[in-house]
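> prediction below, plus the sequence it came from.
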Amino acid sequence: MTNRGFTIMEFIVVLTIFVIMAGVTLFNFKSFQSDIALSNLAYDIALTLRRAQVVGSSGVGQGNKTSVRGIHFEKDSGTAFRSELIFFKDTGSSEFDFDSDDKELEIFTINTNDTIRSICLAASGDESSCLTETGGELTNFAGEDVSISFERPDPNAYIKEAGVSVKWGLARITIQSPDPSRQLQFVDIYSSGLISIP
């Protein structure tokens, strides 16, 4: 007579293999989830900028009047920016920069623990200063609030730092996870209107 069941030893071996596989999967899931959330935030910011570009350059809801639409990034502390992006309509008094006279159309809130670590600004022709990192920090931080605006019929971006009259050629938005060991995500917007996620 032969027994066709599992022995206790076979059961323990199978259970051990299952526990090890489940442990590896769960351990990697958190970092995978963090990477996906950071990537999604980068795409959300890029799409928000693209929305401002489409609305601003097409003149949607503006009649025959030329109006500037843009996204405002408000400075928080150090090099970091607040977790709210302001989609605004420029009344014309600030020349492509958000101020108290402008109309807030919508506020986009970052609902994760990820943050906008910095915005690097580079003049036209000197974009390479923002496309590399030195010593873990970008070389040209925005010291003040940054507004990226679009005016009909031009799809070009007007990248403006509050209180600075320089016409910037590139804004590189750096997004960071709360876990400093995770990789950074970037959103680049060029004055030509190109929005990319490298």
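Structure received.

> okay, now residue 82: neighbour count?
Residues contacting residue 82 under the criterion other CB atoms under 10 Å number 17. C-beta: built from backbone N, CA, C; applies to glycine.

> the helix or strand of the chain with the lowest mean pLDDT: what's the following helix or strand?
Across the helices and strands of the chain, the lowest-confidence element by mean pLDDT, DSSP states H and E is helix 128-131, at a mean of 67. Stepping forward along the backbone from helix 128-131, the first helix or strand reached (DSSP states H and E) is strand 146-151.

> what mean pLDDT does that next one get?
For strand 146-151, the mean per-residue pLDDT is 86.

> hmm, residue 41 is touching residue 175, no?
Yes - the pair residue 41 and residue 175 passes the contact test of CB atoms under 8 Å, sitting 5.6 Å apart.

> give me the common contacts of those two.
Contact criterion CB atoms under 8 Å, 6 or more residues apart in numbering; residues bridging residue 41 and residue 175 by contacting each: 114, 185.

> how close does residue 50 sit to residue 69?
Distance of residue 50 to residue 69, given as CB to CB, to the nearest Å: 12 Å.

> the more surrounded of these two?
When residue 50 and residue 69 are compared for neighbours, residue 69 comes out ahead with 26 against 15, by other CB under 10 Å.

> element containing that one, please.
With elements taken from DSSP H and E, the one containing residue 69 is strand 68-75.

> pull up the pairing partners for that strand, direction included.
For strand 68-75, the paired strands and their directions (DSSP bridges) read strand 81-90 (antiparallel), strand 146-151 (antiparallel).

> what is the mean pLDDT for that strand?
If you average the pLDDT over strand 68-75, you get 87.

> for stretch 166-181, same thing?
Averaging pLDDT along stretch 166-181 gives 83.

> would you mark the buried spots in that stretch?
Using 16 or more other CB atoms under 10 Å as the test for burial, stretch 166-181 gives 168, 169, 170, 171, 172, 173, 174, 175, 176, 177.
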